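> Please find the sequence and the predicted model below.
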Amino acid sequence: MGLKENIEGIKARIEKSAALSERKAADIMLLAVSKTVDTDIIRQAYDLGLRHFGENRVQELQRKIASLPEAHWHMIGRLQTNKVKDIVGRVQLIHSLDRWNLAEEMDKRGQQAGLEVPALMEVNISGEKQKAGFAVNEVEAFLEQAAQFKSLRIYGFMTMAPLSDDAELSRPIFAELADMKKRLGKNSYANVELKYLSMGMSDDFEVAIEEGANIVRIGTALFKK
């Protein structure tokens, strides 16, 4: 199948999964993971209606923003503090805020530029040691301390489930993060608006949507030939 058919197929699956969670497909952001995709293919995807693209590496992100500045770009990979200055003001959302010193750098660079820095907290729900992210028991304390930020804004959570051929194994991970968002969303924190759940990739995005995801990060299933 070609790119057009892939996009149509993914959108149909999103619509079906959204209906199962009593939502509309329009409420789910399809974030195309373009980290291994040539710029001409990204342009084709944009022309076919995709608007949000995610990159893992800052240098590649900068290059692709230059080639398609009208798209909405997201940083989804681990972010080094010395690279924050290169993307502040250039991305719609940073999905990988995973530690306190990174938050401080984002806030500092945002203040210097006079810009808001929108981010999602990456939460390591599965507890895998090789994965980045805040531990579950660190999240609430971080949100309470967010009042000190002047530019950084927290708009929700991101997580990654363990790799598996069985999407159902991801369900408890997604359900736990959705429950955290619902529970903490009842509180009032300065500089925090818990409106996004970024979870689910090509192999498990349908389960993620059923559990409450409103951003799904899809690469392989979109761009496969």
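Yep, it's here.
> just checking, what packs against the helix or strand containing I209?
I209 belongs to helix 205-210 when assigned by DSSP states H and E. Identification of packing neighbours for helix 205-210 by 3 or more CB pairs under 8 Å, 6 or more residues apart in numbering; DSSP states H and E yields helix 3-20, helix 171-184, strand 215-218. Where you see a C-beta, it was placed from the backbone N, CA and C, and this is true even at glycine.
> JSON lines for those, including mean neighbour count and distance to A141?
Rendered in JSON lines, the data for those read as follows (neighbours: other CB atoms under 10 Å; distance: least, CB to CB, whole Å):
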{"stretch": "helix 3-20", "mean neighbour count": "16", "distance to A141": "33"}
{"stretch": "helix 171-184", "mean neighbour count": "17", "distance to A141": "11"}
{"stretch": "strand 215-218", "mean neighbour count": "24", "distance to A141": "24"}
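> For these, give me TSV that also has distance to Q59 and mean pLDDT.
Below are those laid out as TSV (distance: least, CB to CB, whole Å; pLDDT from 0 to 100):
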stretch	distance to Q59	mean pLDDT
helix 3-20	25	97
helix 171-184	30	97
strand 215-218	20	98
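> so which of those gets nearest W100?
Closest approach to W100 among the helices and strands packed on helix 205-210 (CB to CB): helix 171-184, 17.5 Å.
> Could you pull out the buried residues of the next helix or strand after that closest one?
Note on helix 171-184: by DSSP H and E, the next helix or strand toward the C-terminus is strand 192-198. By neighbour count with 16 or more other CB atoms under 10 Å, strand 192-198 contains the buried residues V192, L194, Y196, L197, S198.
> Looking at these, which one is closest to E168?
Nearest to E168 among the buried residues of strand 192-198 is L197, at 18.4 Å by CB to CB.
> what separates the closest one from K181, distance-wise?
6 Å (CB to CB, to the nearest Å).
> residues shared between the contacts of those two?
Shared contacts of L197 and K181, defined by CB atoms under 8 Å, 6 or more residues apart in numbering, comprise G156, F157, G212.
> Can I get those in JSON lines including secondary structure, neighbour count and distance to R78?
Below are those laid out as JSON lines (DSSP: H, G, I helix; E, B strand; the rest coil; neighbours: other CB atoms under 10 Å; distance: CB to CB, whole Å):
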{"residue": "G156", "secondary structure": "strand", "neighbour count": "23", "distance to R78": "18"}
{"residue": "F157", "secondary structure": "strand", "neighbour count": "25", "distance to R78": "16"}
{"residue": "G212", "secondary structure": "coil", "neighbour count": "17", "distance to R78": "24"}
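> Many thanks, I have nothing further to ask.
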